[in-house]
Structures are given as C-alpha cells and as structure tokens.
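# Here is a sequence together with a model predicted from it:
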Amino acid sequence: MKAITAIVAALFALPLSATAKEPKPVVVPIHFIDANGNGKSAGTITLRDTAEGLQLKLALSGLTPGEHGFHVHENGSCAPGEKDGAKAAGIAAGSHYDPLATKAHKGPSGEGHQGDLPKLIVDDKGKASETLTASSLKLEDVTGRTLMVHEGGDNYSDAPKPLGGGGARIACGVIPGKVAHKPATPPSAPAK
Ligand SMILES: [Cu+2]
C-alpha cells in the first residue's frame, strides 16, 4: 500500500513539476573565428536565468590553457571587420554590452559594462567546463547579442590596456533570439 501511495504521489508530482515555470535554457554554439570568419566548433555555452543571475554553463574545448577574457558583445554577429586598417576576427560583434553607457570595463562586478563576464579558465587539456554566473544579467538582456572569448586574460580594468587587455577575438557565438529593446536596468537594482 505504501508503494502504491508513493507511485500515485509520483504521478501527481510529475505533471506539476513539468508545468512549473522552469526558465528555458538557451544553447549557444561557439566557433573559433579568424579574419576570414567562422572556423571549427569550440563547443557550446548554455545560458539559463537563475535567482542569482544569468548562468553560463561552459562546454568548450580546443582553447589555449589559462585565462581568457569573456564578455557579452553588443551585436549579434561574429563576422570579421576592419580594425586599425587590417581585417580582424569578430569585429562585427561591436564592443562590450554597455546599456548604461558607463564606457568602463570593470569585470563582473556590475559597475561598468553589463556585458563583462567572469573570465574563462581553460584547463591544461584545452577545456573549459565551469558554470559561471553573471549577477547583473538576465537572458533577455543578451539574446540576439554575442558571447566572445579573447586570446588573452582579463584584469577587469581599462588599464594598462583597454577592455581588460584580452586582445584578439578568438571564439564567438551568437545568442539565439531577438534583441530586446527595453530600458536598461541599473545593475545595482535589487534582484527580484
Ligand atoms: Cu570582449
């Protein structure tokens, strides 16, 4: 009898949990990029809204070990463009997502560019498999924009080099969905 009760309970619990408003994850395919455009796949990053902010689940490989600058860039394109008179990778993605026009690169603290993500750590096998959280972002802020990985690290500052000093853009993915044109939410606003 106890077992039957448990099964009945499970049957009722199942549709309940399925209809509960679980935020839908969005999978972003990431590709290596160069001055000619998209290259081979570097894996995926899965995005999901959580109570703590935007969660980014990394499943990347083939990267150089160590730290890499990692940001949301404002435009939904990974195409090359012109920089300092030469063709360069990922320029069409534009700069770091900065809806409040802070024009300041301060890392994931939320006081500068809202698109400044925690730096990406690649292990000695070339893999990045951490789950990062960006407390100042929601999925609706980033759809239709890009996730960008840089060649170098990120010191969360504009000095001595601008934008954390990460330099060249080496891997990129367009976040599926439309850009939501909405008034920017100050990142300091309390999460609800
Ligand atoms: Cu960047």
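The structure has been received and is ready for your questions.
# And the residue of this structure that's closest to the ion?
residue 71 (3.5 Å; C-beta to the ion). Where C-beta positions appear, they are placed from N, C-alpha and C, glycine not excepted.
# Any idea how many residues pack against that residue?
Neighbours of residue 71 under the rule other C-beta atoms under 10 Å: 31.
# other SSEs contacting the helix or strand where it lies?
Residue 71 belongs to strand 70-73 when elements are defined using DSSP states H and E. Where contact means 3 or more C-beta pairs under 8 Å, 6 or more residues apart in numbering; DSSP states H and E, strand 70-73 is packed against strand 146-150.
# Tell me if the strand it packs on is near the ion.
Yes: for strand 146-150 and the ion, the contact criterion (C-beta under 5 Å from the ion) is met by residue 148.
# and the next element down the chain from that strand?
Strand 146-150 is succeeded, C-terminally, by strand 169-174 (DSSP H and E).
# Let me know the angle separating that next one from strand 146-150.
Relative orientation of strand 169-174 versus strand 146-150 (axes from the mean of the first three to the mean of the last three C-alpha atoms, to 10 degrees): 170 degrees.
# buried sites along strand 169-174?
169-174 (16 or more other C-beta atoms under 10 Å).
# farthest pair in those residues?
Taking C-beta to C-beta as the measure, the buried residues of strand 169-174 span a maximum distance of 15.7 Å, between 170 and 174.
# Surely residue 64 is in contact with residue 126?
Yes: using C-beta atoms under 8 Å, residue 64 makes contact with residue 126 at a distance of 7.0 Å.
# For this protein, which residues score under the pLDDT cut-off?
By pLDDT under 70, the low-scoring segments of the chain are 1-21, 181-192.
# make it 50
Counting by pLDDT under 50, the chain contains low-confidence ranges at 16-18, 188-192.
# residue ranges for the strands of it, please.
Ranges of strands in the chain, per DSSP state E, are 26-34, 37-50, 53-60, 66-68, 70-73, 81-83, 86-88, 120-122, 131-134, 146-150, 169-174.
# what helices or strands is the first one leaning on?
Going back to what we said before, that points to strand 26-34. strand 37-50, strand 146-150, strand 169-174.
# now swap in the fourth one and tell me
Applying 3+ C-beta pairs under 8 Å, 6+ apart, we find strand 66-68 packed against strand 120-122.
# check contacts around the nearest residue to residue 156 once chain neighbours are set aside.
Leaving aside its chain neighbours, residue 156 sits nearest to residue 107 (2.7 Å; criterion: C-beta to C-beta, 6 or more residues apart in numbering). Counting by C-beta atoms under 8 Å, 6 or more residues apart in numbering, residue 107 makes contact with 116, 118-119, 154, 156-157, 164.
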